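Visitor: need the 3D shape of this:
(chains A and B)
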Amino acid sequence: GAVVSQHPSWVICKSGTSVKIECRSLDFQATTMFWYRQFPKQSLMLMATSNEGSKATYEQGVEKDKFLINHASLTLSTLTVTSAHPEDSSFYICSAIERGLRAGGRYNEQFFGPGTRLTVL
Amino acid sequence: AQSVTQLGSHVSVSEGALVLLRCNYSSSVPPYLFWYVQYPNQGLQLLLKYTTGATLVKGINGFEAEFKKSETSFHLTKPSAHMSDAAEYFCAVPHRLAFGKGNQVVVIP
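Guide: I've put the predicted structure just below:
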């Protein structure tokens, strides 16, 4: 099956610093990647949709200047949390759709990374 | 817009007993439906999915779900719970992958 990795798996940083999280598709090319945020004991909330070579599409209420997304290649998307604050502490999960499938192809099955636990002190 | 509803955030089940997690969807057309499992501090793993064809879908770890259009439901079941089934379970539809709120399953020895 398709494998998606995330790095780092966990990170602790001081308030005001920026943190970059990488999402990689290891054995397939991903035209589209998604970034989710999950608070404790809650469901996943879609933050943004990232398409290779173009600007990310952010969900309503998500600050694009706060959460910078770069999808520079077909196997890598990065999420940078700028000037992080304690309220940004969360579990961030990425997912990817395989390239070559038309929109809705393979029924929009997404392959998920293992997540990154961010703690801002 | 498509959405899914999961009732009962916490579900306790005795080891060996039936696991039943309910999912209802709202849509004007039959959707594609997924069940995912999430273990603590991990990403999501696909349990099973309904796309077309057979309405009874079998997934990994002994789970299965039945798509019932008349009831707009896609309930997840497992005949006999195992301790390793303790996890969070999410029902989802593919349009921007809308997730249900999830069910935290606790298995009681």
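
Visitor: for the residue lying closest to residue B:18 once chain neighbours are set aside, grab phi and psi.
Guide: Excluding the flanking residues, the one nearest residue B:18 by Cβ to Cβ, 6 or more residues apart in numbering or on different chains is residue B:79, at 6.0 Å. Yep, even glycine has a C-beta here, placed from its N, CA and C like the rest. Reported as degrees, to the nearest 10, the phi and psi values for residue B:79 are phi -60, psi -40.

Visitor: surely residue B:79 meets residue B:62?
Guide: Yes: at 7.2 Å, residue B:79 and residue B:62 qualify as touching, with contact defined as Cβ atoms under 8 Å.

Visitor: and these two? which has more neighbours close in?
Guide: residue B:62 (14 against 11; other Cβ atoms under 10 Å in any protein chain shown).

Visitor: give me the pLDDT for the more buried one.
Guide: Looking at residue B:62, its pLDDT stands at 95.

Visitor: do the same with the one 10 residues further on
Guide: According to the per-residue confidence, residue B:72 scores 90 in pLDDT.

Visitor: who are the contact partners of residue A:86?
Guide: A:15, A:120-121 (Cβ atoms under 8 Å, 6 or more residues apart in numbering or on different chains).

Visitor: write the ChimeraX selection for whichever of those residues are buried.
Guide: Selecting only the buried entries of the contacts of residue A:86 in ChimeraX, with 16 or more other Cβ atoms under 10 Å in any protein chain shown as the criterion:
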select /A:120
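
Visitor: closest to chain B among the contacts of residue A:86?
Guide: residue A:120 (17.2 Å; Cβ to the nearest Cβ).

Visitor: quick check: phi and psi at that closest one.
Guide: Per degrees, to the nearest 10, the backbone of residue A:120 is at phi -110, psi 120.

Visitor: neighbouring strands for the helix or strand bottoming out on mean pLDDT in chain B, and are they parallel or not?
Guide: In chain B, no helix or strand scores lower on mean pLDDT, DSSP states H and E than strand B:98-99, which sits at a mean of 78. Applying DSSP bridges, strand B:98-99 is found paired with strand B:87-93 (antiparallel).

Visitor: centre of the chain to the partner strand, how far?
Guide: A distance of 5 Å separates the centroid of the chain from that of strand B:87-93, by Cα atoms, centre = their mean, to the nearest Å.

Visitor: with stretch A:16-29 instead?
Guide: Taking Cα atoms, centre = their mean, one finds stretch A:16-29 lying 7 Å from the centre of the chain it belongs to.

Visitor: name the residues that touch stretch A:10-28?
Guide: Contacts of stretch A:10-28 (Cβ under 8 Å, 6+ apart): A:2-8, A:33, A:35, A:74-86, A:92, A:94, A:96, A:98-99, A:111, A:113, A:116-121.

Visitor: helix/strand/coil for residue B:61?
Guide: Classification of residue B:61 by DSSP: H, G, I helix; E, B strand; the rest coil places it in helix.

Visitor: and residue B:45, what is it in contact with?
Guide: Contacts of residue B:45 (Cβ under 8 Å, 6+ apart): A:112, B:36-39, B:60.

Visitor: run the last query once more with 6 Å
Guide: For residue B:45, the contacting residues are residue B:37, by Cβ atoms under 6 Å, 6 or more residues apart in numbering or on different chains.

Visitor: any idea how far it is from residue B:52?
Guide: To residue B:52, residue B:45 is 23 Å away according to Cβ to Cβ, to the nearest Å.
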